[in-house]
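> Sequence first, predicted coordinates after that:
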Amino acid sequence: MNSNESRARGHARWERLRGSVRAGTHRASLAGGVLLAAACAEAPSTLRPASAPAHRLFVLQWWLIGIALAVMLIIGVLLLVPLRHRIRTVADAPLEEGGSTRPIAIGVVISALILIAVFIYSAVVLAADAKPDTPPKLAVKVIGHRWWWEVQYLNADSSDVHENVIGANEIHIPVGEPVRILGMSADVIHSFWVPQLQGKIDLIPGQTNVFWIRADTAGRYRGQCAEYCGLQHAHMIFWVVAQSRADFDAWLAHARAPAAAPKTPIETEGQQAFLASSCVLCHTVRGTRAGGTLGPDLTHVGSRLTIGAGTLTNTPGNLAGWIENAQSIKPGVDMPRLDLPPATLRQILAYLESLN
Amino acid sequence: MATATIETRLHRLWETPHSVYGFFASTDHKSVGKRYLVTAFVFLLAGGVEAMVMRAQLIKPANHFLSPEAYNQLFTMHGMTMIFWYASPILSGISNYFFPLWIGARDFAFPRMNMFSYWTFLMSGIVLYTGYIAGVAPDRGWFNYTPLADPLYSPGLNEKFYCIALLLLTVSTTVGAINFIVTAFKLRAPGMSIGRMPLALYGTLTASFANIFALPSLSASLAFLYLEHQFGLHFFDVAGGGRPLLWQHLFWIFAHPWVYVIVLPALSFVSMIVPTFSRRPIIGYTWNALGVVATGVLGFGVWVHHMFATGLPPMAMSFFMAGSMAVVLPSAISIFVWLVTIWHGRPVMSASMLFVLGFIFLFVIGGVDGVFTGSIPADWQVTDSYFVVSHIHYVLIGINVFPILAAFYYWLPKITGRMMSERLGKWNFWIMFIGMNIAFFPMHNLGLLGMPRRIYTYQAGLGWTATNVVISIGAYIFAFGTLLFVLNFFWSLIDGPIAGPNPWDSASLEWATPSPPPPYNFAVIPTVRSRDPLWEERLGMGKRSDVFEGPVISDEEKVTMGTTPLDGLLQQVVRFPEDSVYPFLTALAITAICYGLILGLWGLALGGALFTFFFVTGWLWYAPAPVEL
């Protein structure tokens, strides 16, 4: 298979995914720069909330912004008015006396009332966001690693891993349904932040922080680690993909299935090369003997949106570059520089691309 | 009446010889103050250069100007330099120079400790920057969260430099705080009761108490972390039975009061400048004084608002949300005190006053965006984003750098004896003020748009690029404004008009001395009977204080008046020790201990400890006792 074919296939897959998630109103033109256009429409802004909790935070935020601007305006005016005297040196002004402290008291009382109001409002939002309206039917364990996200799907009672559904850097959820998240960390402190869906919650080693998310509009929402976690903190990105319940169920069933068997000769050669390489020490491909757990599970790597925890779009060219020398793309990542012979690289690439 | 001969004799008695020995042996608080100011300003410039390099990296997406290693060291060094080695020491510089002058004393209660505090400050900065030059600077952020900072994830010397350099600085700060407290309570001029103290003292005094209570928490966490790195103990790592959040609690129990340590003295400097340039006594002296003290107390009850996203129980967090709202109020008091004073006065638009007015506005911004971080749900969105980067800079530049520049334009003529250019000063202000807002206001927006802090690069197409360009440009404008100050300072040294004793016609005691003040500060220790001793005759209260006249207590031994803590009644004659090189030598020996601990050279550490013992012995050999009256 030549690289044009494979690029076309990658593009088609991207299109399929985009179609399946109904990317809201932001269906940008995809001519060429897929990532640029897509990402632009999907800026992770707290000012475009896509869930009820995020919307509550958004309204609170606007109130605080309003109060802040009003206070700035009032104090600004109070500072500017005395400037009208335009006295240039101390010699031009004799000393004054007298004056009342009453304005100080008034100012402090008004400030106190505003702060009490902010406290009450914040407490109300806090209580409203503490629990979803309906109990979550789906639970997802999110484990922060330096520098990627491991995603395991659990039953609603959080008791049992769907042992076959382990992904990375992508959390698929049914739209409009609350999803319980069990946040954990495998190494240092990370922070889970999808600005359009909810505020931050830290993932801390040795403890499990349980929270919930919901997306009220189908679409893809960018998340990023918000707690400094070392060298590649900047490249620890993930996506929440909110799909209709039917699409989600289909995705979950697919995700539960083992890896696709190689179909073409080059894919077969690629599988053999992959299994014979050091890749298997860190990566799992279910249905093969590759069972490493240090790096992301690759059973369905071909269907992922990105490579390297959001560092690159998942295109064959990018994937090839990543396999060849991840260190030049994300310096310090655990994935070593492989420098495979071109023929082997093409085979392994074809195999991984086939793992939809 | 003090005669010229007495002044000559006092001069001879108090002057430090201009020699190499004199340089290292001087204990004059004015030398200490000047050294603090120069050293801290150099750290400001260093931290500024680090910021400029970072802004070059962030000016475009996916930039390769800096490696992630270089960026991570830079932002850590920038934070540590600015927060620990600039912001607090620069305040110490002003306070060291002026504290005895404000209260009508001839020096600090412990002049040798004062110089020791400077030398350890300098040495701790040198220790930190040797790490940087050697390529093993701390790179885990200024608050250095574990387990990222634990040995497993941070092998190498970087963390040892972090722990030991900061520990040495805590020694310096603790010593300084003790000295401020004792001096403020014991060496005030006769008659200067606690209600007549210049407001500047309240900020420095409150900050000193906050230091005494907050620093042990930092020292403990630094010692724990060092023990983890050097001896494999476990405090913060889960595998060894430790708790990652322990670090956060210990660190923020220290670091939130520390925020007030580095702003309260600056606020109280403003409370000195506002009356002078409003041409009237301050309105609400008591409000202001109590507000400052209340901030210092409440500041100990808000640390958890740095940890709202760590999954603590909502009820526990709510207490700290209430505390965070409450701590705003004393600051509001200060702002209204200044506003009312300005409104009831005749404000003079000097460069210093412009910096004050600019500061008040920036303080308000740093206060209202701080409310976001105090409200638990709002904080979940803004914490660890660029919004918080904006907030911390409005607080630290707005409430530290701007008041410091106001203080420089106000007080440097007292130190150098020469005026700075008012015209250049106003340019200086406007360029810094505009640059500041261009650089930092858009960061609020960047945070709301989802940009996390501490990322060495970002992707294109997220709506962050244009804002980052604007921020970088603003940062360069701000840096240019800072250079104008440096220019103005050197111009004033060379060609500035002679200041005279009281160029601004101010009310407090430091302006009763010549500019620069003589080594003994006051030939006659003033007797103070009002808050504004140099203004009282013109304020219609008649002459009450004796500032220039009275008996000279001694021209044979270095002494000053000791008074009672609250009422300022004359109690004793305090005798000062002679100049000594022991403080410097002790600081050197302790620095040797530090390098020994960092590098694991136990011989060096032990030798340093032995010499410390010898030098302290020499230092304490002769301690003059006060004469009770």
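Thanks, I have the structure now.
> ok, now how distant is the closest residue to B:Ile94 other than its chain neighbours from A:Pro265?
In space, B:Ile94 comes closest to B:Ala407 once its chain neighbours are excluded; the distance is 5.6 Å by Cβ to Cβ, 6 or more residues apart in numbering or on different chains. For every residue, glycine as well, the C-beta is placed using N, CA and C. Separation of B:Ala407 from A:Pro265 (Cβ to Cβ, to the nearest Å) stands at 78 Å.
> And for B:Ala332?
76 Å.
> swap in B:Glu549?
107 Å.
> A:Ser122 falls within a helix, correct?
Yes: using DSSP: H, G, I helix; E, B strand; the rest coil, the assignment for A:Ser122 is a helix.
> Let me know how buried B:Leu233 is, in neighbour terms.
By other Cβ atoms under 10 Å in any protein chain shown, 16 other residues sit near B:Leu233.
> quick revisit: quick one: which of B:Ala332 and A:Pro265 has more around it?
Each of B:Ala332 and A:Pro265 has its neighbours counted (other Cβ under 10 Å); B:Ala332 has more, 22 against 11.
> Would you state the predicted confidence (pLDDT) at the more buried one?
Predicted confidence (pLDDT) for B:Ala332: 94.
> Which other helices and strands does the helix or strand hosting it contact?
If you go by DSSP states H and E, B:Ala332 is part of helix B:328-343. Counting contacts by 3 or more Cβ pairs under 8 Å, 6 or more residues apart in numbering or on different chains; DSSP states H and E, helix B:328-343 packs against helix A:52-80, helix A:102-130, helix B:264-278, helix B:285-298, helix B:351-374.
> Need the winner for burial among the ones you listed.
When you average the neighbours per residue for each of those (mean count of other Cβ atoms under 10 Å in any protein chain shown), helix B:264-278 leads with a mean of 27.
> how about it as CSV, C-alpha atoms only?
The C-alpha coordinates for helix B:264-278 follow below in CSV (Å, rounded to 0.1, in the frame of the first residue of the first chain):
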residue,chain,number,x,y,z
LEU,B,264,1.6,44.6,54.0
PRO,B,265,4.9,46.6,54.4
ALA,B,266,4.4,48.0,50.9
LEU,B,267,0.8,49.0,51.8
SER,B,268,2.1,50.7,54.9
PHE,B,269,4.7,52.6,52.9
VAL,B,270,1.8,53.9,50.8
SER,B,271,0.2,55.1,54.0
MET,B,272,3.2,57.3,54.6
ILE,B,273,3.3,58.7,51.1
VAL,B,274,-0.4,59.4,50.7
PRO,B,275,-0.6,62.0,53.5
THR,B,276,2.5,63.8,52.3
PHE,B,277,1.2,64.3,48.8
SER,B,278,-2.4,64.9,49.9
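> by contact count, what packs against that helix?
Packing partners of helix B:264-278 (3+ Cβ pairs under 8 Å, 6+ apart): helix B:88-103, helix B:199-231, helix B:285-298, helix B:328-343, helix B:351-374, helix B:402-416.
> Tell me which residue of chain A lies closest to chain B.
Across chain A, the shortest distance to chain B (Cβ to the nearest Cβ) belongs to A:Gly199, at 2.3 Å.
> quick one: that residue is in a strand?
No: going by three-state DSSP, the assignment for A:Gly199 is coil, not a strand.
> tally of neighbours for it?
For A:Gly199, the neighbour count with other Cβ under 10 Å is 26.
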